[in-house]
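Peer 1: pasting the structure only:
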């Protein structure tokens, strides 16, 4: 039941047009703009803020891979984000891993977690899928509260940023920024690559009409599982980078409200758009920063954005713009 | 949110906002103090906006001695990552000292950042004694209380009063564990026993009846509550509801503030024993001080040890800065802290004190009992003094803390 | 003293009883969710906030209008239910043609707004609410003191759950409701005003949450977060019981309350997670929940 309704809900993509590297012209222009902002940004904005933004943007892109292109709403993505952060932080601090290895370790564990949870969750659809992912995430949260290596409520503190490849000192904010920007770009392009591969086309077919994809001979469960693992892995990368940037990994990142936040980011930016999650993350993170002094009103504003998006702008910011310009973004 | 709080934060906006670095670089002749605490969560009423106000009062009373002082405030939401990020941003943008920071996990996270950035960090609101122990730092001071002092004062006194057999209800995180550990030590040292302990999920627990029942089944004479704020209030209420208090079981609320007593009411709170290093009605000095500042506080709260501590710490910090001059102060947090340790602390709120080598502020601690409704003459007349522990006995000895600064 | 599994028997009985009391809240909240889901196909994420509103309205009635507990027991659900009706008419009704997930996201957002507003105006320390005089005191059951109020909570919520079940299963109105769940256009064709029925059903579900809130006010302090922690657990209860199954949600609510109570004895740290473990197991073996129709 859910698969059919899901298809109707997500903005469907028009016919694929081939452009440069699989991008349409509009997307290519947007990509250039994005790269430009990445290069110029740190000279105008506080670099640590930008790094935070990029971490969440990557997290939202990972999440979007599932909801936007396979039509699966995971309500437990904090589990992979947070676990990636814990593993990267722990290996960097306790075992002295270099940053890139620590992040890969976080990504690997998150992917393994995604494989197990995904295997369980993809047997169900729609709301049941969301609920199972939530249940799994709650168990991870419990594990993180109890396990000694996470430091419980204190989190893992004083995580060193270390030396990239053992060579480049990342303690300087600008050096760290270029590293984060590079990781983000790689992740972002990877998501794009996945979507535009033949494999990605099958995912979209599943989103639009799963029974039909099955009848065409695709083992839809296998496709969904791989997408789930990829999404979890990228979320783990984002979490790992975040914990290195801030030198701390805490329960905040595995709590279910973090799962809600990434849904919000993706929804605000535009489900199933390439650039939407990035813009959505930027809007939400900027809002939390600028409005921090308003205390609980931030919650109210976030809720308001949820309501407005669902009622009036289901396409999200990028989706609406794309619709206005009649291009795909 | 009222206007008062909004105007209070108007100043905070400039620092909290993500401004280009050039613009954010503070004016050379302004000392900026960032008060970071819980503005929206369960500990808001302990410090919150009033904590910021008290620092502002101190800055105003200090006056202009060749430099201006700016106090800003922000909410850390009780999340270590939020606190660490905020501290990093503040220090990068010209804040010279971070103050308050309740919630042990956040307090420790900010400690790391301050040390890295060589800026002064005065913790007032957090309980963990690790700040002056294994995690002590040359830029950090811990002002009015910690788990060791609470455990020694409350735990020791209750065993002496005949409560030999204890059962702990503990919030399952670092602060709860530390408080339980420290209190158990004092209970055993005083000849008492620990019949058991239960650790409940924090912060997701609102119903404590199950744990209270387990405490009762253990036949303990004293139930030690190793939690704070809302959880403490709920535990106490439910203990009364399930007839534990009526059957003679004593409740030791190991961390409780006068704001909690205010919320609980004397009817339910009477007879509770608690430790604070400040009470507005302690003597003429504190009475005069409290009456003077009370009109400026939200909901006309009386100052408690945390808000009064913010006042005291701000004042002492500014004295040290004035003493060494602004350029030297801006250059090194370690130097300011050394100067603060070299100068005696003196103010209206706490009287006289000294700042020890490991960052521990040395003042007496007081054991209080919550009055019966019949004993109280009106609002805020809640506590009567049971016992005073002098400054040199109240705190963990320098040699036992394991602070690396002490060995060097 | 007799022991069962190394635990003193009186303690075990006490915990069973406490589990039932907590279960009473789970049952009432999941009942409202199930009613709403059954007819509207909406996962009402605002439910926790509406539970909290019930408690706050009871407090406001007492503090501002002098209306006591018994009055609040009737008035608060009506008032909060009315706000539910407004929300349904203005917002939720626009989403019926869309995926369930949008309903979930919308109500999640509304929940955030409500909670934030209450936190701004009432702070987060919580406000006290006294147990009504008639229900003060406690019974000594030998193995434990049972506060009279807690006993009242169990009895009252059982009555409410039973009444709701009877209305839906045995009355004409209930028959319409069930029919509309199966095939709304057909019921509409028979001259029943289905949209109005849907609106009122949402209002009734919300009123149930508010009623639970009033019941909870004297036990837990009235604070803006009181629903947030509960709501995730209650979702699990609904899913385990079978989405939309009235009987399932009630039985599961009480059952899981007991299971959770037992966990508090044997492994207290895990007490907030055990329900999710059960939920995952149930969904794997019986996808439609224990009492749901596949």
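Peer 2: That came through fine. Predicted, not measured: the structure shown is a model, and the values here were computed from it.
Peer 1: closest point of chain C to chain B, which residue?
Peer 2: Closest to chain B within chain C is residue C:145: 3.6 Å, counting by Cβ to the nearest Cβ. (Each C-beta comes from the backbone N, C-alpha and C, glycine too.)
Peer 1: what's the neighbour count on that residue?
Peer 2: Neighbours of residue C:145 under the rule other Cβ atoms under 10 Å in any protein chain shown: 21.
Peer 1: quick one: it and residue B:245 touch, right?
Peer 2: No: taking contacts as Cβ atoms under 8 Å, residue C:145 lies outside contact range of residue B:245: 10.7 Å.
Peer 1: ok, back up a step: so the residue nearest to the residue of chain C closest to chain B when sequence neighbours are not counted, which state does it fall into?
Peer 2: Nearest residue to residue C:145, sequence neighbours excluded (Cβ to Cβ, 6 or more residues apart in numbering or on different chains): residue B:243, at 3.6 Å. At residue B:243 the chain is in coil, as set by DSSP: H, G, I helix; E, B strand; the rest coil.
Peer 1: any regions of the stretch 1-150 of chain A where pLDDT drops low?
Peer 2: Applying pLDDT under 70 to the stretch 1-150 of chain A flags residues A:1-22.
Peer 1: that one against chain B: which residues are in contact?
Peer 2: Neighbours of chain B within the stretch 1-150 of chain A, by Cβ under 8 Å from any Cβ of the partner chain: A:44-46, A:48-49, A:52, A:145.
Peer 1: next structured bit after the helix or strand harbouring residue A:189?
Peer 2: Residue A:189 belongs to helix A:173-196 when assigned by DSSP states H and E. Using DSSP H and E, the next helix or strand after helix A:173-196 towards the C-terminus is helix A:198-208.
Peer 1: is any residue of that next one near chain C?
Peer 2: No: Helix A:198-208 does not reach chain C (Cβ under 8 Å from any Cβ); its nearest approach is 11.7 Å.
Peer 1: check contacts around the residue of the stretch 51-200 of chain C found nearest chain A.
Peer 2: Residue nearest to chain A within the stretch 51-200 of chain C (Cβ to the nearest Cβ): residue C:109, separated by 2.6 Å. Residues in contact with residue C:109, defined by Cβ atoms under 8 Å, 6 or more residues apart in numbering or on different chains, are A:302-307, A:309-310.
Peer 1: spatially nearest residue to it (excluding sequence neighbours)?
Peer 2: The nearest residue in space to residue C:109 (Cβ to Cβ, 6+ apart) is residue A:306, at 2.6 Å.
Peer 1: which residues are in contact with each of residue C:145 and residue B:245?
Peer 2: By Cβ under 8 Å, 6+ apart, no residue touches both residue C:145 and residue B:245.
Peer 1: can you pull out the strands in chain C?
Peer 2: C:3-4, C:7-8, C:138-140, C:145-147 (DSSP state E).
Peer 1: hang on, the earlier thing: next one, pLDDT for the residue of the stretch 51-200 of chain C closest to chain A please.
Peer 2: On pLDDT, residue C:109 comes in at 91.
Peer 1: low pLDDT regions in chain B?
Peer 2: B:1-27, B:203-204, B:407-408.
Peer 1: please repeat the previous calculation with a cut-off of 80.
Peer 2: The model of chain B has pLDDT under 80 over residues B:1-28, B:40-42, B:44-45, B:172-174, B:201-207, B:230, B:245-247, B:299, B:407-408.
Peer 1: neighbours around whichever residue of it sits closest to chain C, how many?
Peer 2: Taking Cβ to the nearest Cβ, chain C has its nearest neighbour within chain B at residue B:243, 3.6 Å off. The tally of other residues near residue B:243 (other Cβ under 10 Å) stands at 19.
Peer 1: my guess is it meets residue C:138, correct?
Peer 2: Yes: using Cβ under 8 Å, residue B:243 is in contact with residue C:138, at 5.2 Å.
Peer 1: give me the common contacts of these two.
Peer 2: Joint contacts of residue B:243 and residue C:138 (Cβ under 8 Å, 6+ apart) are C:145, C:147.
Peer 1: pretty sure residue B:225 belongs to a strand, no?
Peer 2: Yes: judged by three-state DSSP, residue B:225 forms part of a strand.
Peer 1: neighbours of residue B:92, how many?
Peer 2: Neighbours around residue B:92, by other Cβ under 10 Å: 17.
Peer 1: do residue A:286 as well
Peer 2: By the criterion of other Cβ under 10 Å, residue A:286 has 15 neighbours.
Peer 1: picking up where we left off before, of the strands of chain C, which stretch is the most buried?
Peer 2: Scoring those by mean neighbour count under mean count of other Cβ atoms under 10 Å in any protein chain shown gives strand C:145-147 as the most buried, with a mean of 21.
Peer 1: can you list the strands that it pairs with?
Peer 2: Partners of strand C:145-147 in the sheet, by DSSP bridges, are strand C:138-140 (antiparallel).
Peer 1: buried set for the longest helix anywhere in chain C?
Peer 2: Counting by DSSP state H, the longest helix found in chain C is helix C:9-40. The neighbour-count check on helix C:9-40 (16 or more other Cβ atoms under 10 Å in any protein chain shown) flags C:10-15, C:17-40 as buried.
Peer 1: cool, stretch B:283-301 as well?
Peer 2: By neighbour count on 16+ other Cβ under 10 Å, the buried set for stretch B:283-301 is B:286, B:289-290, B:293, B:297-298, B:301.
Peer 1: equivalent analysis for stretch C:120-140, please.
Peer 2: Buried, per 16+ other Cβ under 10 Å, within stretch C:120-140: C:120, C:122-129, C:131, C:138.
Peer 1: need the max-distance pair from these.
Peer 2: Greatest spatial distance among the buried residues of stretch C:120-140 (Cβ to Cβ): C:120 and C:138, at 36.9 Å.
Peer 1: quick revisit: tell me the two of the buried residues of stretch B:283-301 that are most distant?
Peer 2: B:286 and B:298 (19.9 Å).
Peer 1: what's in contact with stretch B:289-306?
Peer 2: So stretch B:289-306 is contacted by B:2, B:4-5, B:45-51, B:53-54, B:57, B:100, B:102, B:124-125, B:144-145, B:257-259, B:262, B:276-281, B:307-308, B:311, B:348-349, B:380 (Cβ under 8 Å, 6+ apart).
Peer 1: what sits closest to the residue minimising distance to the centre of chain B if chain neighbours are left out?
Peer 2: Per Cα atoms, centre = their mean, the C-alpha nearest to the average position across chain B is that of residue B:125, at 2.8 Å. Leaving aside its sequence neighbours, residue B:125 sits nearest to residue B:102 (Cβ to Cβ, 6+ apart; 2.8 Å).
Peer 1: what's the neighbour count on the one you found?
Peer 2: Residues near residue B:102, counting by other Cβ under 10 Å: 27.
Peer 1: hang on, isn't it packed against residue B:110?
Peer 2: No: if you go by Cβ under 8 Å, residue B:102 and residue B:110 don't touch, sitting 10.8 Å apart.
Peer 1: so residue C:51 sits against residue C:229, correct?
Peer 2: No: with contact defined as Cβ under 8 Å, residue C:51 does not count as touching residue C:229 (10.7 Å).
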